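Undergrad: Pasting a predicted model and its sequence here:
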Amino acid sequence: MLKQTIGHKLSQISLPLYTELPSIDLYMDQVIDQINQYLTPLTNTTITKSMINSYVKKGLVDRPIKKRYSRDHIATILVVSILKQILSLDTVADAIKIALTLNPIPQAYDQFIKVFNDELKNLDHDHASAKQYQSIAIQSLLYKLIVEDLIRHSVEK
């Protein structure tokens, strides 16, 4: 049996659009299960209760209503959980603020997810050489710096 490459595994993932998220409000344990079904295959990490509480405390995610989390909460937690892999939480908070000045949560979330899913489908790193690995790593760093600069300048305006 052939071992699947990370590129192949990632290309098989698809994150849910806003309307595909649960339409009923969920309790913390249900939110954790929901987020981790998408996050774990993607990042090999899991979200925890303390992480969600931290996002709420930092203002990244609105407080739950009567200990229940809505579709908006789940969408925001998923985006934060993905972006925090490469950006600081302060930068993620700024990015979300910028996105929400342009669109409400459902549209901003769907825009992010559509771009993310397109990138997942277009991954082609199954047989990369050492030079290509280096190039990917360097591009990752450069794009991270560019994104941070764009967000910083958008917040300063």
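TA: Alright, I've got the coordinates.

Undergrad: contacts, neighbours, all on C-alpha from now
TA: OK.

Undergrad: buried sites along the longest helix along the chain?
TA: Longest helix in the chain by number of residues, with DSSP state H as the criterion: helix 130-156. For helix 130-156, the neighbour count (16 or more other CA atoms under 10 Å) marks 148, 151 as buried.

Undergrad: what ranges of this structure fall below the confidence cut-off?
TA: Scanning the chain for pLDDT under 70 picks out 1-4, 124-128, 157.

Undergrad: And the helices in this structure?
TA: Under DSSP H, the chain gives helices at 6-11, 28-43, 49-57, 71-83, 89-102, 105-121, 130-156.

Undergrad: Please name every helix or strand in contact with the first one.
TA: Of the remaining helices and strands, those touching helix 6-11 by 3 or more CA pairs under 8 Å, 6 or more residues apart in numbering; DSSP states H and E are helix 105-121.

Undergrad: quick one, the helix it packs on and helix 71-83 angle?
TA: Interaxial angle of helix 105-121 relative to helix 71-83 (axes from the mean of the first three to the mean of the last three CA atoms, to 10 degrees): 40 degrees.

Undergrad: give me the number of residues near the nearest residue to residue 35 once chain neighbours are set aside?
TA: Spatial nearest neighbour of residue 35, chain neighbours left out: residue 78 (6.2 Å); criterion: CA to CA, 6 or more residues apart in numbering. The number of residues packed near residue 78 is 22, by other CA atoms under 10 Å.

Undergrad: With the one 5 residues further on instead?
TA: Other residues near residue 83 come to 16 when the count uses other CA under 10 Å.

Undergrad: Now do the contacts for the residue nearest in space to the middle of the chain.
TA: Taking CA atoms, centre = their mean as the criterion, residue 82 is the residue nearest the geometric centre of the chain, at 2.7 Å. Each residue near residue 82 by CA atoms under 8 Å, 6 or more residues apart in numbering is listed here: 39, 43.

Undergrad: for residue 76, same thing?
TA: By CA under 8 Å, 6+ apart, the contact set of residue 76 is 60, 61, 105, 109.

Undergrad: again, only using 10 Å
TA: For residue 76, the contact set (CA atoms under 10 Å, 6 or more residues apart in numbering) comprises 55, 60, 61, 62, 70, 82, 96, 105, 106, 108, 109.

Undergrad: And residue 78, by the same measure?
TA: By CA under 10 Å, 6+ apart, the contact set of residue 78 is 15, 16, 31, 34, 35, 36, 38, 39, 47, 72, 109, 113.

Undergrad: For the residue nearest to residue 105 when sequence neighbours are not counted, give its distance to residue 39.
TA: Among residues not flanking residue 105 along the chain, residue 72 sits closest, at 6.5 Å (CA to CA, 6+ apart). Distance from residue 72 to residue 39, counting by CA to CA, to the nearest Å: 17 Å.
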